[in-house]
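> this is the structure alone, sequence omitted:
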């Protein structure tokens, strides 16, 4: 038998329905509160910005000016200085290269010209003084160090070479090894050995690594450090067997082993 609802019949609210309605009202109230808080926060931010426009604009202006100043300094001060330094060092480089190719008679005078200048151009020492922060000024330390080394001014050579900074594959170890050469000339083999070992380990290539491993081995033999010498010689033999230094390994290896 079918059951029909009477006209005007209203279902009786259940407890569950009451809870749903209450939850909905709570969520609606919470949402409204969140938006009100956001509005209040936005209003406070706007008020703060409005009240602090001047310091904000000043701060932005400082940042912009600093950025423009840096770009301007780089373009109008640093770059021209780099060009000037490169122009000034060019003549010294020519003297230096000619000195390396010259006979002993002319070497000293050419190295001195490289150091002190000629033909109206700065020498390496003036380039260092006037353009110390440039790439050419840094490179001048290397040239000056090698020039001093060749004319027998070993302490000056060490000072210049210590000031030279480079990540170059060849120049960096050459500079370090040249300091070792200067200490050898000063009869300080212990210091020389340390620099030769540093030069050999700085980079791994077929030119500088076996060169300074051999110098380290010979110096170690002189200091009667047979084990150290054998270690350096064995490395040449194992890793750089096609280098010119490898040909002399058997001779020095016998000496090293005889010290142990």
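Done, it's in. On a predicted model such as this, the values are computed, not experimentally measured, just so you know. Numbers count the residues shown, from 1 in each chain.
> could you use CA atoms for every contact and neighbour count after this?
Fine.
> shaky segments in the chain?
1-78 (pLDDT under 70).
> and it, what are its domains?
With domains defined by automatic domain parsing, the chain comprises 60-165, 167-260.
> in CSV: those domains, plus mean neighbour count.
Converted to CSV, these look like this (neighbours: other CA atoms under 10 Å):
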stretch, mean neighbour count
domain 60-165, 18
domain 167-260, 19
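> quick one, phi/psi of the most centrally placed residue in the chain?
The residue lying closest to the centre of the chain (CA atoms, centre = their mean) is residue 167, at 7.0 Å. Note on residue 167: backbone dihedrals following degrees, to the nearest 10 are phi -110, psi 10.
> what sits against it?
Counting by CA atoms under 8 Å, 6 or more residues apart in numbering, residue 167 touches no other residue.
> look up how far residue 174 lies from it.
Going from residue 167 to residue 174 by CA to CA, to the nearest Å gives 11 Å.
> again, but for residue 81
27 Å.
> nearest residue to residue 128 other than its sequence neighbours?
Distances taken as CA to CA, 6 or more residues apart in numbering place residue 137 nearest to residue 128, at 4.8 Å, with adjacent residues excluded.
> checking that neighbour next. Helix, strand or coil?
helix (DSSP: H, G, I helix; E, B strand; the rest coil).
> spit out the contact partners of residue 82.
131, 134-136.
> now do 6 Å
residue 134 (CA atoms under 6 Å, 6 or more residues apart in numbering).
> can you give the distance of the host helix or strand of it from its chain's centre?
Residue 82 is part of helix 79-101, with elements assigned from DSSP states H and E. Taking CA atoms, centre = their mean, to the nearest Å, one finds the center of helix 79-101 at 24 Å from the center of the full chain.
> could you do stretch 146-153 as well?
Centre-to-centre, stretch 146-153 and its host chain are 28 Å apart (CA atoms, centre = their mean).
> before we move on, what about stretch 180-187?
Taking CA atoms, centre = their mean, the mean C-alpha location of stretch 180-187 is offset from the chain mean by 28 Å.
> do stretch 139-154 as well
Centroid displacement of stretch 139-154 relative to its chain, using CA atoms, centre = their mean, is 23 Å.
> leaving out the residues flanking it, which one is nearest to residue 123?
With CA to CA, 6+ apart as the criterion, residue 123 has its nearest non-adjacent residue at 3.4 Å, and that residue is residue 117.
> again with residue 135
Leaving aside its sequence neighbours, residue 135 sits nearest to residue 82 (CA to CA, 6+ apart; 7.0 Å).
> from residue 88, how far out is the one you found?
Applying CA to CA, the value for residue 82 to residue 88 is 10 Å.
> can you check residue 171 too?
As judged by CA to CA, residue 171 and residue 88 stand 21 Å apart.
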